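Asker: Build me a structure from this.
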Amino acid sequence: MQNDFSGLLVVNKPVGITSFKLISIIKKKLQVKKVGHCGTLDPLASGLMLVLINKATKLQDNFMKKDKVYLASVKLGLKTASGDLDGKIISQSDYSHVDIDKIKKVCDSFIGETEQIPPMFSALKVGGKKLYELARKGIEIERKKRKIKIYFINVLNYSNGIIDMRVKCSSGTYIRTLAEDIGAKLNTDAVLNNLVREEIDEYLLKQSISLSDIENNEKEFILDKIIQI
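Answerer: Just a heads-up that it's a prediction; the model follows:
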């Protein structure tokens, strides 16, 4: 088959690699010129990535604006420079006053339209520079608040300072910042402990192809998984 095919590949990004690395693997495997994704996942995060191939990359902006669902784990009592467990610990605090009822009440307060300040450790560009590139140099700059929407936060479990929750949110929402903000309202520190993206619009994680399947199968196997859009 010629390499002029286009479409959407629904991929499950594993923990431990960057979104850029995942794209480069797919690009090499399919031997195509244009491959793009619809929303970065940090190396410590896993889950659904929508990968656009060739002419379908023109639809990237449309997919980037879609709502998303995440399964998140938040660790109380800890603050890091990056807002997740990958960053340097800045402080630790008591969370013995927190219980699941307080957590649910605080989470409910975030439902609806609100504003959020993007974290320094993000792929957001300011003045042509990605924020995380500046953050790694110890540089922090002022960021403008952005409007976001939280559709729901379902608290699934709370045990030993770990909150497990499912969140549906608008594009542009940073779950690590949400975790920190939840901690602040609970009068303690909080970091993102784990993150899995489960949905982007109508596309589900259970529809996805794994990285191991991409690496260990022939090109034709992957082509069969491409969705025409």
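
Asker: Pairing partners for the nearest residue to residue 226 once chain neighbours are set aside in the sheet, please.
Answerer: Counting by Cβ to Cβ, 6 or more residues apart in numbering, residue 226 lies nearest to residue 7, which is 4.0 Å off, once chain neighbours are set aside. (Glycine included, C-beta is placed from N, CA and C.) Counting by DSSP bridges, residue 7 forms beta bridges with residue 53.

Asker: CA atoms only: put the biggest strand by length in the chain into CSV for me.
Answerer: In the chain, assigned by DSSP state E, the strand with the most residues is strand 146-159. Taking C-alpha atoms only, strand 146-159 is exported to CSV below (Å, rounded to 0.1, in the frame of the first residue of the first chain):
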residue,chain,number,x,y,z
ARG,A,146,-7.8,30.5,31.3
LYS,A,147,-11.5,29.6,31.3
ILE,A,148,-12.2,25.9,31.7
LYS,A,149,-15.2,23.8,32.4
ILE,A,150,-15.5,20.8,34.8
TYR,A,151,-18.5,18.6,34.0
PHE,A,152,-18.1,16.2,36.9
ILE,A,153,-15.6,15.0,39.5
ASN,A,154,-16.6,11.6,40.7
VAL,A,155,-14.8,10.6,43.9
LEU,A,156,-14.2,6.9,43.6
ASN,A,157,-12.2,6.2,46.7
TYR,A,158,-10.2,7.8,49.5
SER,A,159,-7.6,5.8,51.5
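
Asker: when you give positions from now on, start the count at 51
Answerer: Understood, numbering begins at 51; the last thing we discussed is strand 196-209.

Asker: Contacts only, for the residue sitting nearest the centre point of the chain.
Answerer: By Cα atoms, centre = their mean, the mean C-alpha position of the chain lies nearest to residue 91, the distance being 4.4 Å. Contacts of residue 91 were listed using Cβ atoms under 8 Å, 6 or more residues apart in numbering, and they are 63, 69, 97, 99, 245, 247.

Asker: Most neighbours among those, which one?
Answerer: Counting neighbours by other Cβ atoms under 10 Å, residue 63 comes out on top of the contacts of residue 91 with 27 neighbours.

Asker: Quick check: residue 115 touching residue 223?
Answerer: No: Residue 115 lies out of contact with residue 223 (Cβ atoms under 8 Å); the separation is 12.0 Å.

Asker: Give the residue spans of the chain that score low on pLDDT.
Answerer: 51-53, 169-193 (pLDDT under 70).

Asker: Okay, strands next: where are they in it?
Answerer: 57-63, 85-87, 96-103, 118-126, 128-130, 139-142, 162-166, 175-176, 179-180, 196-209, 212-219, 240-250, 253-254, 259-260.

Asker: quick one, which of those is packed in tightest?
Answerer: strand 96-103 (a mean of 24; mean count of other Cβ atoms under 10 Å).

Asker: outside of that one, which residues touch it?
Answerer: 55-65, 69, 72-73, 76, 80, 82, 84-89, 91, 109-110, 113, 120-121, 245-250, 253-255, 258, 276.

Asker: Can I get it in CSV? Just the C-alpha atoms.
Answerer: C-alpha atoms of strand 96-103 as CSV (Å, rounded to 0.1, in the frame of the first residue of the first chain):
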residue,chain,number,x,y,z
SER,A,96,-0.9,7.1,30.3
GLY,A,97,-4.0,6.4,28.2
LEU,A,98,-5.8,7.6,25.2
MET,A,99,-4.0,9.6,22.5
LEU,A,100,-5.6,10.4,19.1
VAL,A,101,-3.0,10.2,16.4
LEU,A,102,-3.7,11.9,13.1
ILE,A,103,-2.0,10.7,9.9
